[in-house]
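Student: got a structure for you, letters missing:
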Ligand code: ADE
């Protein structure tokens, strides 16, 4: 999978994909992320990318020209499955959408800044708009990093034990069960006996029960869905 990210603050995306699971995915050639500086596409001398909004009001708007030229140029070399705009008024990102996007080959993600991007770019270029939650970040970069991380770890071969993603929270609308590691007793706090007894069927049943309990307690809305 190849993901291109268009941003005015490329420095914000230097580190998130250079560690741990995603770093290994890149090294294995399963995953590629390119961060592209939108300013490189501005035709103005000052490399301007934003301007005042028509109708007045506080806050700048990202201009059509650099965005349209950047997307046109990128699309000359690359057909994208989706052109995604990160915005608080987009569809709420969740595990289902992460699963769906992890099956794509090529994505372009546009990070907004200031008041956002000119509406005409949304109408004519963007195919999907994503929010990571009901709060406003200072730009789309951290939101894009969240989405890319969630997608990247689902690409087949990225996780060392491929099945482990299947048991993540939300994969089946349930939260994950509790997990324990050695020692079996710490400060007098014991690991549940069933996990030590070596009966895989009983362990599975216990995990399912725990998942259901946890979901009922913490996220009953998931069960209603
Ligand atoms: N840009 C600013 N806030 C955002 C959010 N909550 N989700 C996605 N992109 C954003």
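Tutor: Everything's here; your move. Note that the structure is a prediction, hence the values are computed from the model and not measured.
Student: what sits against the nearest residue to residue 225 once chain neighbours are set aside?
Tutor: Excluding its sequence neighbours, the residue lying closest to residue 225 (C-beta to C-beta, 6 or more residues apart in numbering) is residue 173, at 6.1 Å. Every residue, glycine included, has its C-beta placed from N, CA and C. By C-beta atoms under 8 Å, 6 or more residues apart in numbering, residue 173 lies in contact with 215, 222-223, 225.
Student: helix or strand: which one has the most centrally placed residue in the chain?
Tutor: Most central in the chain under C-alpha atoms, centre = their mean is residue 147, positioned 0.6 Å from the mean C-alpha point. If you go by DSSP states H and E, residue 147 is part of helix 141-152.
Student: so does that helix get close to the ligand?
Tutor: Yes. Under the criterion of C-beta under 6 Å from any ligand atom, helix 141-152 makes contact with the ligand via residue 143.
Student: do the same with stretch 12-22
Tutor: No. Judged by C-beta under 6 Å from any ligand atom, stretch 12-22 makes no contact with the ligand; its nearest approach is 12.0 Å.
Student: residues touching that stretch, excluding its own?
Tutor: Contact partners of stretch 12-22, identified using C-beta under 8 Å, 6+ apart, comprise 5, 7, 23, 26, 31, 33, 35, 139, 141-142, 144-145, 148-149, 152-153, 158-159.
Student: ok, back up a step: mind giving me the packing neighbours of the helix holding residue 147?
Tutor: strand 2-7, helix 20-27, strand 82-92, helix 95-101, strand 106-111, strand 128-131 (3 or more C-beta pairs under 8 Å, 6 or more residues apart in numbering; DSSP states H and E).
Student: got these as TSV, with mean pLDDT and mean neighbour count columns?
Tutor: TSV is the format used below for the helices and strands packed on helix 141-152 (pLDDT from 0 to 100; neighbours: other C-beta atoms under 10 Å):
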stretch	mean pLDDT	mean neighbour count
strand 2-7	98	22
helix 20-27	90	15
strand 82-92	98	18
helix 95-101	96	17
strand 106-111	98	24
strand 128-131	98	18
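Student: and for residue 98, nearest residue in space, chain neighbours not counted?
Tutor: According to C-beta to C-beta, 6+ apart, the nearest residue to residue 98 is residue 150 (4.2 Å).
Student: so who does the one you found touch?
Tutor: 93, 95, 98.
Student: rewinding a little: and the residue nearest to residue 225, backbone torsions?
Tutor: Dihedral pair for residue 173: phi 60, psi 20, per degrees, to the nearest 10.
Student: pLDDT score for it?
Tutor: The model reports residue 173 with a pLDDT of 87.
Student: ok, residue 145 next?
Tutor: pLDDT at residue 145 comes out at 98.
Student: so which bits of this protein are right by the ligand?
Tutor: So the chain meets the ligand at 86-88, 112, 131-133, 135-137, 140, 143 (C-beta under 6 Å from any ligand atom).
Student: which residues touch the closest residue in space to residue 62 that isn't next to it in sequence?
Tutor: Excluding the flanking residues, the one nearest residue 62 by C-beta to C-beta, 6+ apart is residue 117, at 4.3 Å. When the contact criterion is C-beta under 8 Å, 6+ apart, the partners of residue 117 are 61-62, 67, 85, 110.
Student: gap between the spatially most distant residue from the centre of the chain and residue 123?
Tutor: Most distant from the centre of the chain: residue 188, at 39.5 Å, with distances by C-alpha atoms, centre = their mean. The span separating residue 188 from residue 123 equals 62 Å under the rule C-beta to C-beta, to the nearest Å.
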